[in-house]
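Chemist: Sequence first, then the predicted structure:
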Amino acid sequence: MTRDLSAFRSLASPYYEEALEILVKKQSDYGPKNIALAPGGPLNGLRVRMHDKMSRINHLIDNGATPENESLRDSFLDMLNYSAIAMMVLDEDWPTE
């Protein structure tokens, strides 16, 4: 079992690393205020972003549509990053300035 978990960790790790690279690049473009000053507060802002992203994912999957701009893979990576940002907000680690 331990070996299976080690193999799973090795499989999962690159996805987290890829998501982190994207998160850092986007943070450079956006800065922290887009989350910190979101209408209704940071968690509400994240909830809206995640809802929009999930609606897009559902539409593409349910309709078998081909994305015009970002891939489903990109959308799921964004969801992973929104979740990481939410953890930072909940733990009071997200910058406010």
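Modeler: Looks like it came in fine.

Chemist: how about the helix or strand containing residue 62: buried residues?
Modeler: Counting by DSSP states H and E, the element that carries residue 62 is helix 42-63. Using 16 or more other C-beta atoms under 10 Å as the test for burial, helix 42-63 gives 42, 45-46, 49-50, 53, 56-57, 60. Just so you know, the C-beta spots here come from the backbone N, C-alpha and C atoms, and that holds for glycine as well.

Chemist: between whatever helix or strand comes next after it and helix 42-63, what angle do the directions make?
Modeler: Sequence order places helix 72-90 as the next helix or strand after helix 42-63, per DSSP H and E. Here the directions of helix 72-90 and helix 42-63 differ by 160 degrees (axes from the mean of the first three to the mean of the last three C-alpha atoms, to 10 degrees).

Chemist: biggest helix in the chain by residues?
Modeler: In the chain, assigned by DSSP state H, the helix with the most residues is helix 2-30.

Chemist: before we move on, back to that, who are the packing partners of the helix holding residue 62?
Modeler: helix 33-36, helix 72-90 (3 or more C-beta pairs under 8 Å, 6 or more residues apart in numbering; DSSP states H and E).

Chemist: Among those helices, which comes closest to residue 14?
Modeler: Ranking these by proximity to residue 14 (C-beta to C-beta) places helix 72-90 first, at 11.6 Å.

Chemist: related to what we said a few turns ago, any chance of the helices and strands packed on helix 42-63 in TSV, plus mean neighbour count?
Modeler: Shown next, in TSV, are those (neighbours: other C-beta atoms under 10 Å):
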stretch	mean neighbour count
helix 33-36	16
helix 72-90	16
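
Chemist: hey, least reliable of those by pLDDT?
Modeler: When those are ranked by mean pLDDT, helix 33-36 comes last with a mean of 93.
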